[in-house]
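> what follows is a protein structure lacking sequence information:
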C-alpha cells in the first residue's frame, strides 16, 4: 500500500509539472533550467560544507 501511495504522489507531481509546462509554454524550459541549476548550487554548497566540516574534524583528531 505504501508503494501505491508513493506512486500516486509522484503521479500528481508529474501532472502538476506537465500542466505548468503547458501554461508557461516556451518559457517553461528556461524556468526548468533555472530551478535545476538553483537546486544543484544548493546541493553542491551543502556537500562542500559537509566535506569542510569533516576535514576540520579529522584535523582536530590527529592534531
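It's in. Please read all numbers here as calculations on a predicted model, not as lab measurements. Numbering: from 1, shown residues only.
> can you tell me which residue is spatially central in this structure?
Nearest to the geometric centre of the chain sits residue 39, at 4.7 Å (CA atoms, centre = their mean).
> ok, that residue to residue 29 distance?
16 Å (CB to CB, to the nearest Å). In short, each C-beta sits where N, CA and C put it, glycine included.
> look up how far residue 28 lies from residue 11.
The gap separating residue 11 from residue 28 is 20 Å, by CB to CB.
> likewise residue 41?
Distance, residue 41 to residue 28, by CB to CB: 20 Å.
> and residue 19, by the same measure?
For residue 19, the distance to residue 28 (CB to CB) stands at 11 Å.
> which of these two has more neighbours?
residue 28 (15 against 10; other CB atoms under 10 Å).
> contact partners for that one?
20, 21, 22 (CB atoms under 8 Å, 6 or more residues apart in numbering).
> got any ranges where this structure has weak pLDDT?
Applying pLDDT under 70 to the chain flags residues 63.
> output the longest helix belonging to it.
Selection of the longest helix in the chain by residue count, based on DSSP state H, yields helix 28-62.
> and the gap between residue 23 and residue 16?
To residue 16, residue 23 is 11 Å away according to CB to CB.
> one step back: chain center to the longest helix of the chain, what's the gap?
Averaging C-alpha positions (CA atoms, centre = their mean, to the nearest Å) puts helix 28-62 11 Å from its chain's average.
> what of stretch 16-28?
With CA atoms, centre = their mean, you get 19 Å for stretch 16-28.
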